[in-house]
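1. 3D model of this:
(chains A, B and C)
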Amino acid sequence: MSAAKRTSAPEAGIELPVILELDNITKRFGPVIANDGISLTLRRGEVVALLGENGSGKTTLMNVLFGHYVAEDGEVRVAGKNDNLVQLAPGSPQTALEAGIGMVHQHFTLAENLTGFENILLGVESLFGLARGRGAARQKVQNIVRESGLAVDLDIRVSSLTVGEKQRVEILKALYRDARILVLDEPTAVLTPQESEGLFEIIAKLSAGGLAVIFISHKLHEVLAASHRMVILRGGKVAGKLVTADADRTMIAEMMVGRSVPGSKRSAMAPGEIILKFDGAHVDGVDARRSLHNASIEVREHEIVGIAGVTGNGQAALAALISGLVKPDKGSVQFLGERVSKFTPKSFMDAGIGRIPEDRHHDGVVGAMSVAENLAIENLEDGRFSSNGMLRFAGFREYADAMIDTYDIRCSGPDAETRLLSGGNMQKLILARVLDCEPKLILANQPTRGLDVGAQTDVHNRLLAARERGAAIVLISEDLDELFALADRIVVIHAGNLEDAGAIENLDRTSVGLMMAGHQDEARAS
Amino acid sequence: MIRMEPRTEISRRMTIIAPVAAVLVALALASIPLLAAGQNLFEAYGLMFKGAFGSAFAISETFTRATPLILTGLAAAVAFRAKFWNIGGEGQFYLGALGAVVVGTGAISAPVWILLPLVLIAGAAAGAIGLIGPAYLKTRFNTDEVVTTLLLNFIILLFVQMLLQGWLKDPMSLGWPQSSPIVDEALLPPLVGRLRVHAGLLVALGAAIGVYILMRHTVLGFRLRAVGENPHAARHAGISVSRTMLWAAAISGALAGLAGVSEVIGLKGYLTSDISPGFGYAGIVVAMLAGLSPIGVVISSVFIAAIFVGADSMSRAIGVSNYIADLVVALSLLCVLVGGVAARYRFRWMGLKGREV
Amino acid sequence: MEFLEIFLSANFWAASLRIATPLIFGTLGALICERAGVLNLGIEGIFTAGAMSGWLAVWLGAGLIGGLLVAMVVGALIGLIHGILTVPLGLSQHVSGIGVTLLATSVAYFTYRTTLPDVTSPPRIEPFRPLDIPILSDLPFIGPALFQQTFMTYLAIALVFIVGWVLARTPLGLAIRAVGDNPASVDSQGMSVYGLRIGAVMVGSSIMALGGAFLTMAAFDAFFFGMVNGRGWICIALTVFASWRPRKALLGALLFGAFEAYQVRLQTEVGSFVPGEVFLMAPYVLSIIALIVAARSADYPRALLVPWFKGQR
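-> Residues are numbered from 1 along each chain as shown, chains lettered A, B, ... in the order given. Model (predicted):
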């Protein structure tokens, strides 16, 4: 693909007709203004990137567009026949679909027990009809596949497709409904860099054919590679609009964040003793995503080992193994030089392993319990929190007050319900619980996912401080920026296999990206 | 268009208002069949109230009926807290009663201060064992405990019938399938003169206080709540979900078993296979009405008991079928469920076009 | 050996089919609800209400087909209650189902008692009679074994194939399976998750009600308190055993019917040694065993028991 081709339409100076107009959209949730007078236009054949941090209002805006939310103020207008703009009835996904707006969500909306073809036809066929006359439908799908290059086996169950293939089915679903506007919400989050490239090519092809695309992202390099124009949101407002060809990274970054962000500084340190060692560890999971094959790895004191990989390549198995949630089917795990024989979360915690889980709502906290209770939950039998099986409330409160203070957890107090905390504060709670025990080994699984930049920096600094103190850290992340900022060494995980990529100083993104896609040989050659 | 939005803060008041409102709505809904049956509502509900609270005798009857309900209600509350859906209170009730009969009908002779606790323990243990089975199946094989406990209710009742026809049959009963009488040393005494209300009520109240302390003040109670609210996070934090589940099952089964013991040694003095008019199932309603709070269970038991006692009395007076009581109880459960949604969410009328008004 | 001779009597096979019939209806109904993602523990109450209302309608002069229709409407209405509580309101499907069972049972009993206050022995209706199918019914052995059933048994078996075909082959079936796997998949295509789920629960419940109606309108000719006796719960276990497939549900129900028919006949042989209760317990024990065996490898509909709220993904 060529950059020239992607930027051709606007640069040619031809004013293509406007196909979508968001005018002064304002949406409040209680006292919070999620969208504050946002306006945006989209022309036919144009790729506009919607850029912003988490919580900047991107998703809310798209939910307004798609009729999931009703805005307090403002209008959505879509080109009807003859290119004149018609207001879209608010609050109706059905209307949005009929107006030709297609959306590919971050979490796929596919029924896994149906085939791709059946998913495409869901809701298109009359519900009480018979499934006859599918020949025409199949013909139409095949035409779309041919024109767009979205090749995927549509006659097997979706459950056996890869993530990238599922995404293709999602796009086909929208195109089959004659979408003229395609919204992609963080489409690359689950793809390898190479798969992402493939997606960009398809987007380029589709937009050349006249499709208008809104591309939501928070990753700068993708946006620069794939869009014609960009709209940057910050705190629910438009912070800037740029033509991609004229934009540069620092400018965009400052618009997104509103201030220059000091990066975390990783000081050079000599690694010490081996803390954790896997020797041919093998986990047979229920599926490939939860399996690990013959994994060997060493993590030392004062060292952060970054696990790079696309989500679903065995990170879950690796994390479960280090968390004590599963035991290896073959091979061994050694901790502080001794072979681990008991695999339970409790024995791991007692041995000095701190775990930051990937999904904090699911595995990290009990939302309905208080901040104090969640802070103490891993150490209930500690004398501070209980004696003879009876809880000591004073101990809970004292500890919670101290942690809220030290880790700057913003909440109404130790008794606050944890589910009411923001993502960042929930993560601080977990960090407090894990780091306060001064663990010798820390598992940080996607520790900054879904956090805004400020909270991300805080998490990074805490991890670096733990490294300074002497902790060994296993950092699982799908964000290469994060890995390159924090890790001393990178281990790539692909299809359940671990591959040591070596010290960070000798690595670049391309080779790590290739290894993430399973192309070890090309990676070495490059 | 109506939109549901979660409330950020659930007011304490709502936790009291919701069940009370639910009960009122249930009574209002139950007036439809009453009217359809051609009854005067004021007369019918008036008779019910009088039947439940109108005299010392009525009050005694209500509290007598509330006694097993407190215990089966607590049983459901403890299990439901851990999201272990024990619908087998009825079966565990009979197991408890069976335990009391096995120990208390003369197999052991001992003074009252030994025999009485022994009978209580035997019944509680029998109930606990009856629920540990399904709990084990759930933790081990992921079998739905609702279905297994429900099916066990039928199995246990048939088992009791079998024993009452055979080994446990009272030779003096003239052919009736009932057990030998409980010996005097194993009986719970009546509380007030010649009224039927008995010391089982004290056992039940003690159990309520015990469950309160368990849930709020002990490590086990903490674990139980954590497992119920989020088993994944609890497991990740080093709490053994299966062990906690088994504890919840044991405690829940023991409480339901105690209900059976109390009926046998406090009220009837012997066991028959129709000793429970559905106390196990009613316990579920009691627990839900109470929002699973142990102290709330005591209050809602009295209410449910009053409905049953009042309906019986009304039925005798004006011939309305006493199934109206079951109807009110079922409606109360459904209404309190809906009330719980109202407490947790705000309903917003969005206008026909979907805009908020 | 007399234990094996039981299999040689046409009577045994006919009884198996008869016992299986309500279970086929119940399991099919439960399966439809669960395929859409809703566990319907109202089944026991729906059986009772279906049995009572169908019978009552016939007794009041509605005719047998009229009775079936009444039962189906009653079932659908109870399903509507369960559907509203569990789908848009997102309440616990377990607790709501138990509540619905308690409600439906008490309404049925109350209505029966109120309509017939002073009867000592239950009044009887003229139930469905065995329907002779030309030629097939006259075959030796096979005829009396399989083809001398009532209309309802044939209906149940026909429904198995109809439901199987709808689920596997029609757009409606696709939508029901999709909503039970990932509600967002139908929502994103502009269909109503609530509509599909509530609809499926209502249809499933009306089929369950037929199972109840079979008891009072074909198997017996009167309504008794407690006559459903856990059959609904057995169907819930059978659904897991059948891994949510209609034809396996038929197979499961038939196995179950055969087992029960066999043990009833066995009882006459060994009844003097073994108490009758042991035989009565057998179906419940068998259900639990079936559940344990099936639950280990059960491939539950992914969205079963998981409430879904609009605008949430």
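2. Can you give the strand pairings for whichever strand or helix holds residue A:502, parallel or anti for each?
-> Taking DSSP states H and E as the criterion, residue A:502 maps to strand A:497-503. If you go by DSSP bridges, strand A:497-503 pairs up with strand A:489-494 (antiparallel).
3. Quick one: residues in contact with the partner strand.
-> A:297, A:303-310, A:313-315, A:318, A:483, A:498-504, A:507, A:512, A:515-518 (Cβ atoms under 8 Å, 6 or more residues apart in numbering or on different chains). Every C-beta, even on glycine, is put in place using the N, C-alpha and C of the backbone.
4. Can I get that strand in CSV? Just the C-alpha atoms.
-> Output of strand A:489-494 as CSV, limited to C-alpha atoms (Å, rounded to 0.1, in the frame of the first residue of the first chain):
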residue,chain,number,x,y,z
ARG,A,489,14.1,-7.7,28.5
ILE,A,490,11.4,-8.8,26.1
VAL,A,491,10.0,-12.3,25.8
VAL,A,492,7.5,-12.7,23.0
ILE,A,493,4.6,-15.0,23.4
HIS,A,494,2.9,-16.5,20.3
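5. Around chain C, which positions in chain A sit nearby?
-> A:63, A:68-69, A:93-94, A:97-98, A:103, A:105, A:107, A:109-114, A:118-119, A:121-131, A:173 (Cβ under 8 Å from any Cβ of the partner chain).
6. Show me the shaky parts of the chain.
-> Since no chain was named, I'll use chain A. Applying pLDDT under 70 to chain A picks out residues A:1-14, A:131-133, A:258-264, A:288-289, A:520-526.
7. think we crossed wires, I meant chain C
-> In chain C (pLDDT under 70), the answer is C:1-2, C:271-272, C:311-313.
8. Which of the helices or strands spans residue 147?
-> As the question left the chain open, I've gone with chain A. Element membership of residue A:147, judged by DSSP H and E, is helix A:134-148.
9. The chain in question should be chain B.
-> Here residue B:147 is assigned to helix B:145-165, by DSSP H and E.
10. Now that helix: buried residues?
-> Going by neighbour count (16 or more other Cβ atoms under 10 Å in any protein chain shown), the buried part of helix B:145-165 is B:145-164.
11. now for it, which elements pack on it?
-> helix B:89-104, helix B:112-141, helix C:231-241, helix C:276-295 (3 or more Cβ pairs under 8 Å, 6 or more residues apart in numbering or on different chains; DSSP states H and E).
12. okay if I get the ones you listed as CSV plus distance to residue B:230?
-> Shown next, in CSV, are the helices and strands packed on helix B:145-165 (distance: least, Cβ to Cβ, whole Å):
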stretch, distance to residue B:230
helix B:89-104, 25
helix B:112-141, 17
helix C:231-241, 25
helix C:276-295, 23
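13. which one of these is the most hemmed in?
-> Neighbour counts (mean count of other Cβ atoms under 10 Å in any protein chain shown) averaged over each of the helices and strands packed on helix B:145-165 peak at helix B:89-104, with a mean of 30.
14. Tell me what angle that helix forms with helix B:112-141.
-> 140 degrees (axes from the mean of the first three to the mean of the last three Cα atoms, to 10 degrees).
15. Buried ones from the contacts of strand A:489-494, can you make that a PyMOL selection?
-> The buried residues among the contacts of strand A:489-494 can be selected in PyMOL (16+ other Cβ under 10 Å) with this line:
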select buried, chain A and resi 297+303+304+305+306+307+308+309+310+313+314+315+318+483+498+499+501+504+507+512+515+516+517+518
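16. Can you flag which of the contacts of strand A:489-494 belong to strands?
-> A:297, A:303-308, A:498-503 (DSSP state E).
17. Strands along the stretch 201-350 of chain B, start to end?
-> If DSSP state E, counting those that start in this stretch is used as the criterion, the strands of the stretch 201-350 of chain B fall at B:345-349.
18. Can you check what pLDDT the model gives the closest residue to chain A within it?
-> In the stretch 201-350 of chain B, the residue that lies nearest chain A is residue B:238 (3.7 Å; Cβ to the nearest Cβ). Confidence at residue B:238, expressed as pLDDT, is 94.
19. what about residue 127, which SS state?
-> Just so you know, I chose chain A. Look at residue A:127: counting by DSSP: H, G, I helix; E, B strand; the rest coil, its state is coil.
20. You answered for a different chain; I wanted chain C.
-> coil.
21. Skip the chain neighbours and tell me the closest residue to it.
-> Spatially, and ignoring its direct neighbours in sequence, residue C:127 is nearest to residue C:221 (4.4 Å; Cβ to Cβ, 6 or more residues apart in numbering or on different chains).
22. Near chain C, which residues of the stretch 151-300 of chain B are found?
-> Counting by Cβ under 8 Å from any Cβ, the residues of the stretch 151-300 of chain B that sit close to chain C are B:151-155, B:158-159, B:161-162, B:165-166, B:281, B:284-285, B:288.
23. Determine which two of those are furthest apart.
-> Farthest apart among those by Cβ to Cβ are B:166 and B:288. That separation is 37.8 Å.
24. Name the residue in these two with the higher neighbour count.
-> Neighbour tally, residue B:166 and residue B:288, criterion other Cβ atoms under 10 Å in any protein chain shown: the higher count belongs to residue B:288, 26 against 11.
25. thinking the more buried one is in contact with residue C:92, fair?
-> No. Look at residue B:288 against residue C:92 with Cβ atoms under 8 Å: they stay out of range, at 9.5 Å.
26. okay, and the common contacts of those two?
-> With Cβ under 8 Å, 6+ apart, residue B:288 and residue C:92 have common neighbours residue B:337.
27. element containing residue 251?
-> With no chain named, the answer covers chain A. Going by DSSP H and E, residue A:251 is in helix A:249-257.
28. Sorry, I should have been clearer: chain C.
-> helix C:246-270.
29. do residue A:414 as well
-> Using DSSP H and E, residue A:414 falls outside every helix and strand.
30. Do you know the pLDDT at the closest residue to chain C within the stretch 101-250 of chain B?
-> For the stretch 101-250 of chain B, the residue closest to chain C is residue B:162, as judged by Cβ to the nearest Cβ, at 3.7 Å. Confidence at residue B:162, expressed as pLDDT, is 92.
31. Which residue, neighbours along the chain excluded, lies closest to it?
-> residue C:277 (3.7 Å).
32. Was I right to think that neighbour contacts residue B:156?
-> No. Assessed by Cβ under 8 Å, residue C:277 is found out of contact with residue B:156, at 10.9 Å.
33. between these two, what contacts are shared?
-> In contact with both residue C:277 and residue B:156: no residue, using Cβ under 8 Å, 6+ apart.
34. Flag every residue of the stretch 151-300 of chain C that's near chain A.
-> Proximity of the stretch 151-300 of chain C to chain A (Cβ under 8 Å from any Cβ) is limited to residues C:169-172, C:174-175, C:177-179, C:181-182, C:184-191.
35. Buried ones among these?
-> By 16+ other Cβ under 10 Å, these give C:170-172, C:174-175, C:177-179, C:181-182, C:184-191 as buried.
36. Show me those that map onto helices.
-> The members of these that map onto helices under DSSP state H are C:171-172, C:174-175, C:177-179, C:181, C:184-187.
37. Closest one of these to chain B?
-> Out of these, the member with the shortest distance to chain B (by Cβ to the nearest Cβ) is residue C:187, at 15.3 Å.
38. which one is that closest one nearest to, not counting chain neighbours?
-> residue C:193 (5.2 Å).
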